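Q: the following block contains a protein sequence and its predicted model.
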Amino acid sequence: MMRLKLRIAGYTKESVVDGPGIRFVVYAQGCPHRCEGCHNPETWDFGGGKEISEDDLVSLISDTRLLNGVTFSGGEPISQAKEFASLAKRVKSLGLDIVTYTGYTFEELLEMSIKDIHIKRLLENTDLLVDGPYLASERDLSVPFRGSRNQRLIDVVKWKSENRMSDTD
Ligand code: SF4
């Protein structure tokens with residue numbers, strides 16, 4: 001089997017601001033949204049950052065003690081849905097949960113997931129989704145884990161139990 005590689009801007013081993021509890025954060029490199037006022041424009045270039053193998057990331061995550069979960073942030077993780085979906089599955093098997101940040105809305109992702117099995121898999125393995133682009137006009141640092149008021153915290157696990165989303169495998 002080919003070893004999967006992810007293109008990342010970097011990672012943080014222990015963060016308390018990117019979702020509930022203590023979290024390992026992986027920052028995807030590459031973002032198509034180009035939000036005005038983005039705090040990380042250096043993550044936009046799909047050729048920037050560095051490559052890291054999924055195996056190396058899984059080792060780094062499993063070597064970090066006391067984690068509640070792993071957060072995928074950006075850049076745009078959805079642009080590497082295949083790679084992040086695969087990583088998410090391995091992270092879940094370690095007993096950790098997944099928070100995914102995306103510049104797409106949840107509705108857009110559901111639509112995209114009809115045609116893209118990897119986006120579907122990434123959603124299936126996401127516990128909490130923080131959706132929508134960063135809007136400078138909606139900037140509000142008092143909303144937990146978000147940068148602007150338009151972004152929502154979506155409990156994907158609850159949504160799945162209330163709506164029929166069939167598991168892929
Ligand atoms: S989605 Fe995030 S990383 Fe991408 S441009 Fe918007 S704020 Fe920046």
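A: It's in.
Q: quick check on Asp97: phi, psi?
A: phi -100, psi 170 (degrees, to the nearest 10).
Q: okay, it and the ligand: tell me how far apart.
A: Noted for Asp97: a distance of 21 Å to the ligand, by Cβ to the nearest ligand atom, to the nearest Å. Every residue, glycine included, has its C-beta placed from N, CA and C.
Q: that residue pairs with what?
A: Gly69 (DSSP bridges).
Q: excluding sequence neighbours, find me the nearest residue to Thr64.
A: Nearest in space to Thr64, with sequence neighbours left out and distances taken as Cβ to Cβ, 6 or more residues apart in numbering, is Lys13 at 5.1 Å.
Q: in terms of helices and strands, where is the one you found?
A: strand 5-15 (DSSP states H and E).
Q: counting contacts, what elements does the longest helix along the chain pack onto?
A: Counting residues, the longest helix in the chain under DSSP state H turns out to be helix 81-93. Using 3 or more Cβ pairs under 8 Å, 6 or more residues apart in numbering; DSSP states H and E, the elements in contact with helix 81-93 are strand 5-15, strand 23-28, helix 54-62, strand 69-73, strand 97-101, helix 117-124.
Q: what about it, average pLDDT?
A: Summarised as a single mean, pLDDT over helix 81-93 is 98.
Q: please save the CA atoms from that helix in CSV.
A: Backbone C-alpha positions of helix 81-93 (Å, rounded to 0.1, in the frame of the first residue of the first chain) are rendered in CSV as follows:
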residue,chain,number,x,y,z
ALA,A,81,-10.0,15.1,2.1
LYS,A,82,-8.5,11.7,1.2
GLU,A,83,-5.4,12.2,3.4
PHE,A,84,-7.3,13.7,6.3
ALA,A,85,-10.1,11.1,6.2
SER,A,86,-7.5,8.4,6.4
LEU,A,87,-5.7,10.1,9.3
ALA,A,88,-9.0,10.7,11.1
LYS,A,89,-9.8,7.0,11.0
ARG,A,90,-6.4,6.1,12.5
VAL,A,91,-6.8,8.8,15.2
LYS,A,92,-10.2,7.5,16.1
SER,A,93,-8.8,4.0,16.6
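Q: sketch out the low-pLDDT regions of this protein for me.
A: By pLDDT under 70, the weakly predicted segments of the chain are 1-2, 164-169.
Q: any residues of this protein in contact with the ligand? List them.
A: Proximity of the chain to the ligand, by Cβ under 6 Å from any ligand atom, involves residues 31, 33-35, 38, 40, 43, 74-76, 103, 133-134.
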